[in-house]
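S.K.: Everything below, folded, please.
(chains A, B, C and D)
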2 protein chains.
Amino acid sequence: MNEAVVLTPERILEATEDVLRRFGLTKATVVDVARALDVSHGSVYRHFPSKASLRDAVAKRWLDRANEPLCKLAAGDGPAPERLEQWLRTAFTIKQKKVCDDPEMFATYLALAQGAREVVEAYKDKQVDLIAKILSDGVAQGVFEIDNVKATARAVFDATVRYHHPAHAEEWAKPECPSRIDALIALLLRGVRVCKH
Amino acid sequence: MNEAVVLTPERILEATEDVLRRFGLTKATVVDVARALDVSHGSVYRHFPSKASLRDAVAKRWLDRANEPLCKLAAGDGPAPERLEQWLRTAFTIKQKKVCDDPEMFATYLALAQGAREVVEAYKDKQVDLIAKILSDGVAQGVFEIDNVKATARAVFDATVRYHHPAHAEEWAKPECPSRIDALIALLLRGVRVCKH
DNA sequence: TGTCTGACAGATATTGAAATCTGTCAGCGA
DNA sequence: TCGCTGACAGATTTCAATATCTGTCAGACA
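M.R.: Now for the predicted structure:
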(Lines give C-alpha, C1' and ligand atoms only; values in the text may rest on other atoms or scores of the structure.)
Protein backbone atom coordinates (compact mmCIF):
# COMPACT_ATOMS: atom_id res chain seq x y z
CA MET A 1 0.00 0.00 0.00
CA ASN A 2 1.95 3.03 -1.17
CA GLU A 3 -0.89 5.42 -0.34
CA ALA A 4 -0.08 4.80 3.31
CA VAL A 5 -2.72 7.17 4.64
CA VAL A 6 -2.41 6.94 8.39
CA LEU A 7 -5.38 5.63 10.28
CA THR A 8 -6.69 8.56 12.35
CA PRO A 9 -9.73 8.80 14.62
CA GLU A 10 -11.09 11.32 12.13
CA ARG A 11 -10.90 8.87 9.22
CA ILE A 12 -12.50 6.17 11.34
CA LEU A 13 -15.38 8.47 12.25
CA GLU A 14 -15.84 9.35 8.59
CA ALA A 15 -15.97 5.68 7.67
CA THR A 16 -18.31 4.92 10.56
CA GLU A 17 -20.78 7.53 9.38
CA ASP A 18 -20.64 6.00 5.92
CA VAL A 19 -21.27 2.54 7.26
CA LEU A 20 -24.12 3.78 9.43
CA ARG A 21 -25.66 5.51 6.43
CA ARG A 22 -25.41 2.36 4.34
CA PHE A 23 -26.31 -0.36 6.84
CA GLY A 24 -28.19 1.41 9.62
CA LEU A 25 -27.39 1.28 13.32
CA THR A 26 -28.48 -2.29 14.01
CA LYS A 27 -26.53 -3.81 11.11
CA ALA A 28 -23.38 -1.70 11.29
CA THR A 29 -20.47 -3.60 12.86
CA VAL A 30 -16.92 -2.69 13.73
CA VAL A 31 -15.83 -5.22 11.14
CA ASP A 32 -17.79 -3.26 8.53
CA VAL A 33 -16.02 -0.06 9.52
CA ALA A 34 -12.65 -1.77 9.34
CA ARG A 35 -13.49 -3.25 5.94
CA ALA A 36 -14.47 0.20 4.64
CA LEU A 37 -11.05 1.45 5.71
CA ASP A 38 -9.30 -1.66 4.43
CA VAL A 39 -7.76 -2.49 7.80
CA SER A 40 -8.36 -5.23 10.34
CA HIS A 41 -10.99 -4.52 12.96
CA GLY A 42 -8.30 -4.81 15.61
CA SER A 43 -6.84 -1.54 14.33
CA VAL A 44 -10.03 0.31 15.03
CA TYR A 45 -9.70 -0.69 18.68
CA ARG A 46 -6.31 0.99 18.69
CA HIS A 47 -8.12 4.37 18.41
CA PHE A 48 -11.44 3.71 20.15
CA PRO A 49 -11.54 1.50 23.23
CA SER A 50 -14.99 0.11 22.44
CA LYS A 51 -17.79 0.17 19.95
CA ALA A 52 -19.78 2.31 22.40
CA SER A 53 -17.07 4.98 22.50
CA LEU A 54 -16.99 5.01 18.71
CA ARG A 55 -20.74 5.51 18.64
CA ASP A 56 -20.50 8.29 21.22
CA ALA A 57 -17.89 10.08 19.12
CA VAL A 58 -20.11 9.87 16.04
CA ALA A 59 -23.04 11.22 18.06
CA LYS A 60 -20.94 14.12 19.31
CA ARG A 61 -19.80 15.03 15.80
CA TRP A 62 -23.37 15.00 14.62
CA LEU A 63 -24.69 17.13 17.45
CA ASP A 64 -21.82 19.61 17.16
CA ARG A 65 -22.45 20.02 13.45
CA ALA A 66 -26.15 20.58 14.08
CA ASN A 67 -25.37 23.15 16.76
CA GLU A 68 -23.07 25.33 14.69
CA PRO A 69 -25.64 27.72 13.18
CA LEU A 70 -27.22 28.18 16.60
CA CYS A 71 -23.90 29.20 18.14
CA LYS A 72 -23.54 31.86 15.45
CA LEU A 73 -27.03 33.18 16.09
CA ALA A 74 -26.45 33.41 19.83
CA ALA A 75 -23.17 35.21 19.28
CA GLY A 76 -24.87 37.84 17.09
CA ASP A 77 -25.80 41.28 18.37
CA GLY A 78 -29.19 42.35 17.02
CA PRO A 79 -32.24 43.06 19.19
CA ALA A 80 -32.72 40.18 21.60
CA PRO A 81 -36.42 39.40 21.04
CA GLU A 82 -35.95 38.93 17.30
CA ARG A 83 -32.80 36.97 17.98
CA LEU A 84 -34.51 34.68 20.47
CA GLU A 85 -37.36 34.04 18.08
CA GLN A 86 -34.92 33.41 15.25
CA TRP A 87 -32.86 31.10 17.42
CA LEU A 88 -35.86 28.98 18.40
CA ARG A 89 -37.19 28.81 14.85
CA THR A 90 -33.76 27.81 13.57
CA ALA A 91 -33.43 25.13 16.23
CA PHE A 92 -36.79 23.69 15.20
CA THR A 93 -36.03 23.94 11.48
CA ILE A 94 -32.69 22.17 11.76
CA LYS A 95 -34.26 19.17 13.44
CA GLN A 96 -37.32 19.19 11.24
CA LYS A 97 -35.20 19.28 8.10
CA LYS A 98 -33.14 16.35 9.26
CA VAL A 99 -36.27 14.31 9.85
CA CYS A 100 -37.86 15.16 6.51
CA ASP A 101 -34.75 14.82 4.38
CA ASP A 102 -33.69 11.42 5.63
CA PRO A 103 -35.97 9.86 8.25
CA GLU A 104 -34.00 6.63 8.27
CA MET A 105 -30.71 8.38 9.03
CA PHE A 106 -32.48 10.49 11.64
CA ALA A 107 -33.75 7.35 13.35
CA THR A 108 -30.22 5.99 13.29
CA TYR A 109 -28.80 9.09 14.92
CA LEU A 110 -31.65 9.16 17.41
CA ALA A 111 -30.91 5.61 18.54
CA LEU A 112 -27.25 6.54 18.61
CA ALA A 113 -27.93 9.49 20.89
CA GLN A 114 -29.99 7.34 23.26
CA GLY A 115 -26.84 5.45 24.14
CA ALA A 116 -24.69 8.58 24.44
CA ARG A 117 -26.36 10.13 27.46
CA GLU A 118 -23.39 12.18 28.60
CA VAL A 119 -22.77 13.61 25.18
CA VAL A 120 -26.42 14.56 24.85
CA GLU A 121 -26.46 16.13 28.29
CA ALA A 122 -23.49 18.32 27.40
CA TYR A 123 -25.18 19.30 24.15
CA LYS A 124 -28.35 20.33 25.96
CA ASP A 125 -26.40 22.37 28.50
CA LYS A 126 -24.73 24.17 25.63
CA GLN A 127 -28.12 24.96 24.09
CA VAL A 128 -29.30 26.41 27.39
CA ASP A 129 -26.16 28.53 27.60
CA LEU A 130 -26.87 29.91 24.14
CA ILE A 131 -30.41 30.85 25.13
CA ALA A 132 -29.08 32.40 28.32
CA LYS A 133 -26.67 34.49 26.24
CA ILE A 134 -29.55 35.95 24.21
CA LEU A 135 -31.66 36.51 27.32
CA SER A 136 -28.93 38.41 29.14
CA ASP A 137 -28.30 40.47 25.99
CA GLY A 138 -32.01 41.32 26.11
CA VAL A 139 -31.77 42.34 29.73
CA ALA A 140 -28.79 44.57 28.88
CA GLN A 141 -30.81 46.09 26.03
CA GLY A 142 -33.64 46.81 28.44
CA VAL A 143 -36.16 44.74 26.47
CA PHE A 144 -36.25 41.68 28.74
CA GLU A 145 -37.08 41.61 32.42
CA ILE A 146 -35.77 38.42 34.00
CA ASP A 147 -35.18 37.43 37.62
CA ASN A 148 -32.88 34.50 37.04
CA VAL A 149 -31.45 34.33 33.53
CA LYS A 150 -30.02 30.84 33.85
CA ALA A 151 -33.25 29.36 35.25
CA THR A 152 -35.34 31.18 32.67
CA ALA A 153 -33.11 29.96 29.84
CA ARG A 154 -33.66 26.46 31.13
CA ALA A 155 -37.41 27.10 31.26
CA VAL A 156 -37.43 28.34 27.66
CA PHE A 157 -35.52 25.23 26.65
CA ASP A 158 -37.92 22.98 28.57
CA ALA A 159 -40.95 24.78 27.17
CA THR A 160 -39.83 24.12 23.61
CA VAL A 161 -38.95 20.48 24.16
CA ARG A 162 -41.85 19.42 22.01
CA TYR A 163 -40.26 20.97 18.93
CA HIS A 164 -36.68 19.94 19.35
CA HIS A 165 -36.73 16.66 21.25
CA PRO A 166 -36.71 13.78 18.78
CA ALA A 167 -39.24 11.87 20.87
CA HIS A 168 -41.85 14.21 19.39
CA ALA A 169 -40.48 14.14 15.84
CA GLU A 170 -43.44 12.37 14.35
CA GLU A 171 -45.67 15.31 15.31
CA TRP A 172 -43.54 17.88 13.51
CA ALA A 173 -45.00 17.18 10.10
CA LYS A 174 -48.59 17.87 11.14
CA PRO A 175 -50.25 20.80 9.38
CA GLU A 176 -51.24 22.58 12.60
CA CYS A 177 -47.65 22.58 13.77
CA PRO A 178 -46.52 26.01 12.47
CA SER A 179 -49.36 27.89 14.11
CA ARG A 180 -48.76 26.06 17.37
CA ILE A 181 -45.11 27.05 17.21
CA ASP A 182 -46.16 30.66 16.61
CA ALA A 183 -48.42 30.58 19.65
CA LEU A 184 -45.73 29.01 21.82
CA ILE A 185 -43.06 31.51 20.82
CA ALA A 186 -45.45 34.41 21.36
CA LEU A 187 -46.28 33.11 24.83
CA LEU A 188 -42.63 32.71 25.77
CA LEU A 189 -41.64 36.12 24.43
CA ARG A 190 -44.45 37.70 26.43
CA GLY A 191 -43.07 35.90 29.45
CA VAL A 192 -39.64 37.53 29.24
CA ARG A 193 -40.36 40.95 27.75
CA VAL A 194 -40.61 44.05 29.89
CA CYS A 195 -44.17 45.34 30.22
CA LYS A 196 -44.79 47.93 27.52
CA HIS A 197 -47.44 50.61 27.96
CA MET B 1 -72.32 -22.22 37.41
CA ASN B 2 -75.15 -20.93 39.58
CA GLU B 3 -73.42 -17.57 40.06
CA ALA B 4 -74.20 -16.84 36.44
CA VAL B 5 -72.72 -13.34 36.48
CA VAL B 6 -73.24 -12.02 32.98
CA LEU B 7 -70.18 -11.29 30.96
CA THR B 8 -70.13 -7.51 30.48
CA PRO B 9 -67.53 -5.30 28.82
CA GLU B 10 -66.93 -3.80 32.25
CA ARG B 11 -66.04 -7.16 33.77
CA ILE B 12 -63.79 -7.95 30.83
CA LEU B 13 -61.96 -4.65 31.25
CA GLU B 14 -61.51 -5.34 34.96
CA ALA B 15 -60.07 -8.76 34.23
CA THR B 16 -57.87 -7.36 31.47
CA GLU B 17 -56.35 -4.83 33.86
CA ASP B 18 -55.68 -7.66 36.31
CA VAL B 19 -54.02 -9.75 33.66
CA LEU B 20 -51.94 -6.80 32.48
CA ARG B 21 -50.86 -6.13 36.03
CA ARG B 22 -49.81 -9.73 36.54
CA PHE B 23 -48.26 -10.62 33.20
CA GLY B 24 -47.34 -7.28 31.61
CA LEU B 25 -48.34 -6.08 28.18
CA THR B 26 -46.17 -8.37 26.10
CA LYS B 27 -47.23 -11.56 27.86
CA ALA B 28 -50.91 -10.82 28.36
CA THR B 29 -53.11 -12.70 25.91
CA VAL B 30 -56.82 -12.79 25.22
CA VAL B 31 -56.75 -16.39 26.37
CA ASP B 32 -55.39 -15.23 29.74
CA VAL B 33 -58.22 -12.74 30.08
CA ALA B 34 -60.77 -15.40 29.20
CA ARG B 35 -59.21 -17.81 31.69
CA ALA B 36 -59.38 -15.17 34.44
CA LEU B 37 -63.09 -14.83 33.72
CA ASP B 38 -63.55 -18.57 33.38
CA VAL B 39 -64.99 -18.35 29.87
CA SER B 40 -63.69 -19.31 26.47
CA HIS B 41 -61.66 -16.70 24.66
CA GLY B 42 -64.30 -16.68 21.90
CA SER B 43 -66.69 -15.04 24.36
CA VAL B 44 -64.41 -12.08 24.80
CA TYR B 45 -64.66 -11.44 21.06
CA ARG B 46 -68.41 -11.15 21.50
CA HIS B 47 -67.84 -7.87 23.37
CA PHE B 48 -64.66 -6.54 21.77
CA PRO B 49 -64.05 -7.00 18.06
CA SER B 50 -60.30 -7.34 18.46
CA LYS B 51 -57.49 -7.42 20.95
CA ALA B 52 -56.55 -3.89 19.82
CA SER B 53 -60.00 -2.56 20.68
CA LEU B 54 -59.78 -4.20 24.08
CA ARG B 55 -56.44 -2.53 24.68
CA ASP B 56 -57.83 0.81 23.53
CA ALA B 57 -60.70 0.51 25.98
CA VAL B 58 -58.31 -0.22 28.85
CA ALA B 59 -56.18 2.76 27.85
CA LYS B 60 -59.25 5.01 27.77
CA ARG B 61 -60.34 3.89 31.23
CA TRP B 62 -56.89 4.57 32.57
CA LEU B 63 -56.62 8.02 31.03
CA ASP B 64 -60.13 9.00 32.11
CA ARG B 65 -59.39 7.98 35.70
CA ALA B 66 -56.17 9.98 35.66
CA ASN B 67 -57.98 13.00 34.25
CA GLU B 68 -60.73 13.18 36.85
CA PRO B 69 -59.01 15.42 39.43
CA LEU B 70 -57.96 17.79 36.67
CA CYS B 71 -61.54 18.16 35.44
CA LYS B 72 -62.59 19.13 38.96
CA LEU B 73 -59.80 21.70 39.22
CA ALA B 74 -60.72 23.29 35.90
CA ALA B 75 -64.37 23.44 36.90
CA GLY B 76 -63.52 25.30 40.13
CA ASP B 77 -63.95 29.03 40.50
CA GLY B 78 -61.03 30.53 42.43
CA PRO B 79 -58.58 33.08 41.02
CA ALA B 80 -57.33 31.87 37.66
CA PRO B 81 -53.54 32.25 38.15
CA GLU B 82 -53.54 30.11 41.28
CA ARG B 83 -55.88 27.68 39.61
CA LEU B 84 -53.67 27.38 36.51
CA GLU B 85 -50.60 26.81 38.63
CA GLN B 86 -52.44 24.25 40.72
CA TRP B 87 -53.74 22.53 37.63
CA LEU B 88 -50.30 22.19 36.09
CA ARG B 89 -48.72 21.00 39.31
CA THR B 90 -51.48 18.44 39.77
CA ALA B 91 -51.08 17.22 36.22
CA PHE B 92 -47.36 16.71 36.81
CA THR B 93 -47.87 15.08 40.19
CA ILE B 94 -50.41 12.58 38.94
CA LYS B 95 -48.04 11.31 36.26
CA GLN B 96 -45.02 11.43 38.52
CA LYS B 97 -46.79 9.46 41.21
CA LYS B 98 -47.79 6.77 38.75
CA VAL B 99 -44.21 6.40 37.61
CA CYS B 100 -42.76 6.22 41.10
CA ASP B 101 -45.40 3.97 42.62
CA ASP B 102 -45.31 1.29 39.97
CA PRO B 103 -42.85 1.86 37.12
CA GLU B 104 -43.59 -1.50 35.57
CA MET B 105 -47.31 -0.83 35.37
CA PHE B 106 -46.59 2.65 34.06
CA ALA B 107 -44.45 1.18 31.29
CA THR B 108 -47.29 -1.19 30.48
CA TYR B 109 -49.81 1.63 30.21
CA LEU B 110 -47.36 3.71 28.24
CA ALA B 111 -46.92 0.97 25.66
CA LEU B 112 -50.67 0.52 25.70
CA ALA B 113 -51.22 4.20 24.95
CA GLN B 114 -48.75 4.14 22.08
CA GLY B 115 -51.09 1.83 20.21
CA ALA B 116 -54.22 3.84 21.10
CA ARG B 117 -53.43 7.00 19.16
CA GLU B 118 -57.02 8.17 18.77
CA VAL B 119 -57.80 7.69 22.43
CA VAL B 120 -54.69 9.62 23.42
CA GLU B 121 -55.47 12.40 20.96
CA ALA B 122 -58.92 12.84 22.47
CA TYR B 123 -57.40 12.86 25.95
CA LYS B 124 -54.94 15.58 25.01
CA ASP B 125 -57.66 17.70 23.42
CA LYS B 126 -59.61 17.42 26.64
CA GLN B 127 -56.58 18.60 28.63
CA VAL B 128 -56.24 21.62 26.36
CA ASP B 129 -59.94 22.40 26.82
CA LEU B 130 -59.47 22.32 30.59
CA ILE B 131 -56.55 24.75 30.36
CA ALA B 132 -58.60 26.95 28.04
CA LYS B 133 -61.40 27.00 30.61
CA ILE B 134 -59.05 28.34 33.28
CA LEU B 135 -57.52 30.85 30.89
CA SER B 136 -60.88 32.26 29.82
CA ASP B 137 -61.91 32.44 33.49
CA GLY B 138 -58.75 34.48 34.03
CA VAL B 139 -59.61 36.80 31.17
CA ALA B 140 -63.09 37.28 32.64
CA GLN B 141 -61.51 38.03 36.02
CA GLY B 142 -59.30 40.63 34.36
CA VAL B 143 -56.07 38.94 35.47
CA PHE B 144 -55.13 37.37 32.15
CA GLU B 145 -54.61 39.16 28.86
CA ILE B 146 -54.86 36.70 25.98
CA ASP B 147 -55.37 37.20 22.26
CA ASN B 148 -56.47 33.72 21.36
CA VAL B 149 -57.46 31.60 24.34
CA LYS B 150 -57.61 28.31 22.46
CA ALA B 151 -54.20 28.77 20.84
CA THR B 152 -52.66 29.92 24.10
CA ALA B 153 -54.10 26.94 25.95
CA ARG B 154 -52.48 24.73 23.35
CA ALA B 155 -49.21 26.63 23.81
CA VAL B 156 -49.33 26.13 27.58
CA PHE B 157 -49.96 22.44 27.03
CA ASP B 158 -47.11 22.20 24.54
CA ALA B 159 -44.76 24.15 26.80
CA THR B 160 -45.32 21.69 29.64
CA VAL B 161 -44.93 18.57 27.53
CA ARG B 162 -41.68 17.76 29.27
CA TYR B 163 -43.47 17.22 32.57
CA HIS B 164 -46.51 15.31 31.47
CA HIS B 165 -45.47 13.38 28.37
CA PRO B 166 -44.32 9.90 29.37
CA ALA B 167 -41.45 10.06 26.88
CA HIS B 168 -39.70 12.28 29.43
CA ALA B 169 -40.67 10.25 32.48
CA GLU B 170 -37.15 9.15 33.32
CA GLU B 171 -36.17 12.79 33.87
CA TRP B 172 -38.92 13.45 36.41
CA ALA B 173 -37.04 11.93 39.31
CA LYS B 174 -34.00 14.18 38.95
CA PRO B 175 -33.30 16.47 41.91
CA GLU B 176 -33.24 19.67 39.84
CA CYS B 177 -36.70 18.91 38.50
CA PRO B 178 -38.84 20.84 41.03
CA SER B 179 -36.96 24.10 40.57
CA ARG B 180 -37.13 23.75 36.80
CA ILE B 181 -40.88 23.25 37.08
CA ASP B 182 -41.09 26.38 39.21
CA ALA B 183 -39.19 28.39 36.62
CA LEU B 184 -41.34 27.07 33.80
CA ILE B 185 -44.62 27.81 35.54
CA ALA B 186 -43.41 31.30 36.47
CA LEU B 187 -42.46 31.97 32.85
CA LEU B 188 -45.82 30.77 31.54
CA LEU B 189 -47.81 32.71 34.12
CA ARG B 190 -45.89 35.87 33.21
CA GLY B 191 -46.80 35.14 29.61
CA VAL B 192 -50.55 35.26 30.20
CA ARG B 193 -50.92 37.74 33.06
CA VAL B 194 -51.94 41.35 32.45
CA CYS B 195 -49.08 43.79 32.97
CA LYS B 196 -49.17 44.99 36.55
CA HIS B 197 -47.59 48.32 37.54
C1' DT C 1 -83.43 -16.94 20.13
C1' DG C 2 -79.36 -15.56 21.79
C1' DT C 3 -75.09 -16.59 24.33
C1' DC C 4 -71.30 -19.40 24.73
C1' DT C 5 -68.04 -23.16 23.29
C1' DG C 6 -64.20 -25.33 21.15
C1' DA C 7 -61.85 -26.59 16.92
C1' DC C 8 -59.54 -24.45 13.22
C1' DA C 9 -56.47 -21.47 9.82
C1' DG C 10 -53.34 -18.06 9.49
C1' DA C 11 -50.43 -14.86 12.06
C1' DT C 12 -47.17 -14.15 15.71
C1' DA C 13 -43.95 -15.44 19.27
C1' DT C 14 -40.52 -18.64 21.38
C1' DT C 15 -36.56 -21.33 21.41
C1' DG C 16 -32.12 -23.22 20.88
C1' DA C 17 -28.47 -24.35 17.67
C1' DA C 18 -25.46 -22.13 14.45
C1' DA C 19 -23.37 -18.01 12.78
C1' DT C 20 -21.53 -13.61 13.60
C1' DC C 21 -19.65 -10.02 16.34
C1' DT C 22 -16.83 -7.73 20.08
C1' DG C 23 -12.79 -7.06 22.36
C1' DT C 24 -7.93 -9.14 23.36
C1' DC C 25 -3.38 -10.21 22.44
C1' DA C 26 0.83 -12.61 20.82
C1' DG C 27 3.53 -11.92 17.12
C1' DC C 28 4.66 -10.02 12.20
C1' DG C 29 6.77 -6.62 9.34
C1' DA C 30 8.58 -2.03 8.46
C1' DT D 1 10.06 0.29 18.36
C1' DC D 2 5.48 0.87 16.79
C1' DG D 3 1.37 0.15 14.22
C1' DC D 4 -1.05 -3.54 12.37
C1' DT D 5 -2.76 -8.33 11.71
C1' DG D 6 -5.43 -12.35 12.40
C1' DA D 7 -6.83 -16.05 15.42
C1' DC D 8 -9.32 -16.68 19.56
C1' DA D 9 -12.97 -16.81 23.65
C1' DG D 10 -17.03 -15.27 25.20
C1' DA D 11 -21.12 -12.48 24.14
C1' DT D 12 -24.65 -11.43 20.98
C1' DT D 13 -27.48 -12.11 16.99
C1' DT D 14 -29.76 -14.83 13.41
C1' DC D 15 -32.74 -18.24 11.66
C1' DA D 16 -35.81 -21.82 11.14
C1' DA D 17 -38.52 -25.22 13.47
C1' DT D 18 -41.94 -25.36 16.90
C1' DA D 19 -45.41 -23.69 19.88
C1' DT D 20 -48.78 -20.31 21.03
C1' DC D 21 -52.05 -16.82 19.97
C1' DT D 22 -55.73 -14.23 17.37
C1' DG D 23 -59.90 -14.05 15.26
C1' DT D 24 -63.79 -16.96 13.00
C1' DC D 25 -67.57 -19.86 12.91
C1' DA D 26 -70.63 -23.96 13.00
C1' DG D 27 -73.03 -25.95 16.34
C1' DA D 28 -74.22 -27.00 21.59
C1' DC D 29 -76.95 -25.49 25.25
C1' DA D 30 -80.34 -23.09 27.92
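S.K.: Wasn't A:Ala28 part of a strand?
M.R.: No. Using DSSP: H, G, I helix; E, B strand; the rest coil, the secondary structure at A:Ala28 is coil, not a strand.
S.K.: tell me which strands and helices the host helix or strand of A:Gly42 is in contact with?
M.R.: Take DSSP states H and E as the rule and A:Gly42 turns out to sit in helix A:41-47. Under the contact definition 3 or more CB pairs under 8 Å, 6 or more residues apart in numbering or on different chains; DSSP states H and E, helix A:41-47 sits against helix A:9-23, helix A:30-37. Placement of C-beta: from N, CA and C, glycine included.
S.K.: Centre of the chain to that helix, how far?
M.R.: For helix A:41-47, the separation from the chain centroid amounts to 28 Å (computed by CA atoms, centre = their mean, to the nearest Å).
S.K.: buried residues in the very next helix or strand once past it?
M.R.: Counting by DSSP H and E, the next helix or strand C-terminal to helix A:41-47 is helix A:51-75. Neighbour-count burial for helix A:51-75, with 16 or more other CB atoms under 10 Å in any protein chain shown as criterion, is recorded at A:51, A:54-63, A:66-67, A:70, A:73-74.
S.K.: Between all of these, which two are at the greatest distance?
M.R.: Pairwise distances across the buried residues of helix A:51-75 peak at 35.0 Å for A:Lys51 and A:Leu73 (criterion: CB to CB).
S.K.: related to what we said a few turns ago, ok, the helix holding A:Gly42 near DNA strand C or not?
M.R.: Yes. Among the residues of helix A:41-47, A:His41, A:Gly42, A:Tyr45 lie within reach of DNA strand C under CB under 7 Å from any atom of the strand.
S.K.: Give the buried residues for the lowest-mean-pLDDT helix or strand in chain A.
M.R.: Ranked by mean pLDDT, DSSP states H and E, the weakest helix or strand in chain A is helix A:103-115, scoring a mean of 89. Buried residues in helix A:103-115, defined by neighbour count with 16+ other CB under 10 Å: A:Met105, A:Phe106, A:Thr108, A:Tyr109, A:Leu110, A:Leu112, A:Ala113.
S.K.: which residues does the most centrally placed residue in chain A contact?
M.R.: In chain A, the centroid-proximal residue (CA atoms, centre = their mean) is A:Leu63; its distance is 4.1 Å. With contacts defined as CB atoms under 8 Å, 6 or more residues apart in numbering or on different chains, A:Leu63 is in contact with A:Ala113, A:Val119, A:Val120, A:Tyr123.
S.K.: Apply 7 Å and report the result again.
M.R.: A:Val119, A:Tyr123 (CB atoms under 7 Å, 6 or more residues apart in numbering or on different chains).
S.K.: returning to what we had before: mind listing what's buried in the helix holding A:Gly42?
M.R.: Neighbour-count burial for helix A:41-47 flags A:Val44, A:His47 (criterion: 16+ other CB under 10 Å).
S.K.: who's in contact with it?
M.R.: By CB under 7 Å, 6+ apart, helix A:41-47 touches A:Leu7, A:Pro9, A:Ile12, A:Val30, A:Val31, A:Val33, A:Ala34.
S.K.: most surrounded residue in these?
M.R.: Neighbour counts for these (other CB atoms under 10 Å in any protein chain shown) peak at A:Val33, which has 26 neighbours.
S.K.: for the least confident helix or strand of chain A, the distance to its chain's centre please.
M.R.: Taking CA atoms, centre = their mean, the mean C-alpha location of helix A:103-115 is offset from the chain mean by 12 Å.
S.K.: packing partners for it?
M.R.: Helices and strands touching helix A:103-115, as assessed by 3 or more CB pairs under 7 Å, 6 or more residues apart in numbering or on different chains; DSSP states H and E, comprise helix A:51-75.
S.K.: how does chain A divide up, domain by domain?
M.R.: A:9-47, A:62-192 (automatic domain parsing).
S.K.: Out of those, flag the one nearest B:Asp129.
M.R.: Of all the domains of chain A, domain A:62-192 comes closest under CB to CB, at 15.5 Å.
S.K.: So is the closest one next to DNA strand C?
M.R.: No. If you take CB under 7 Å from any atom of the strand as the test, domain A:62-192 misses DNA strand C, and the best it gets is 11.5 Å.
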